[in-house]
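**Q** Give me the fold of what follows.
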Amino acid sequence: MNFLTNVKNSIQLPNKAALFRLNRVSMRDTMVYALIFTFILVLPDIFHAFTSYKEVDYFGMPRELYFIQLIILYPATIFLFVVIGLSVLSGIAVIIRNFLHRKLAYQQLWKMTAFALTIPMIIYLIFRIFQIEAVWINSLPLLIYFFLITKMILVFPRMKE
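**A** Next comes the predicted model:
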């Protein structure tokens, strides 16, 4: 499945049909989706770092080394934090799953979390573009994620006792 189809289905969440289409996406494609989406989100920061660099060396670092680190290490570090963040949010989704007594594996919740974060991350990006920095406003994407993941978990059947 391609990236744009995944984005379209992610924006349609918590729609049941979109959820089941995204559950058929392989874990590899989910990781590629998260990588591309993360790169899109950090692209403005990378662009800003490129344009704000002056002729002065940062920490005695040559300009070329600074740009190589900016191109390679910055996205890799951000992606590492995204994977850790997805895993933590998936762990919280496991708690929600247990509370709602639903049949879901951690792997399914991890994929659901990756796709459920599309709308909150777009909202967060809009906040960053317009430089909205209030704490309660910045917590809005997290609240939207919890709403979406709860609605998505409720689609699945209850556990038999």
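
**Q** which one is residue 144 nearest to, not counting chain neighbours?
**A** Closest residue in space to residue 144, ignoring its immediate chain neighbours: residue 120 at 4.7 Å, by Cβ to Cβ, 6 or more residues apart in numbering. Backbone N, C-alpha and C define where each C-beta goes, glycine included.

**Q** And the helix or strand the one you found falls within, what's buried?
**A** Using DSSP states H and E, residue 120 maps to helix 118-129. Residues of helix 118-129 classed as buried by neighbour count (16 or more other Cβ atoms under 10 Å): 118, 119, 120, 121, 122, 123, 124, 127.

**Q** how about these in CSV, adding pLDDT?
**A** Listed next are the buried residues of helix 118-129 as CSV, based on pLDDT from 0 to 100:
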residue, pLDDT
118, 92
119, 92
120, 91
121, 88
122, 88
123, 88
124, 84
127, 83
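
**Q** out of those residues, who's nearest residue 77?
**A** Residue 77 lies nearest to residue 121 out of those, by Cβ to Cβ, at 17.2 Å.

**Q** Tell me how far that closest one lies from residue 144.
**A** 10 Å (Cβ to Cβ, to the nearest Å).

**Q** residue boundaries of the helices in this protein?
**A** With DSSP state H, the ranges of helices along the chain come out as 3-11, 16-23, 27-52, 63-68, 74-100, 106-116, 118-129, 135-138, 140-155.

**Q** Please identify the deepest-packed of these.
**A** helix 106-116 (a mean of 22; mean count of other Cβ atoms under 10 Å).

**Q** Lovely, talk soon.
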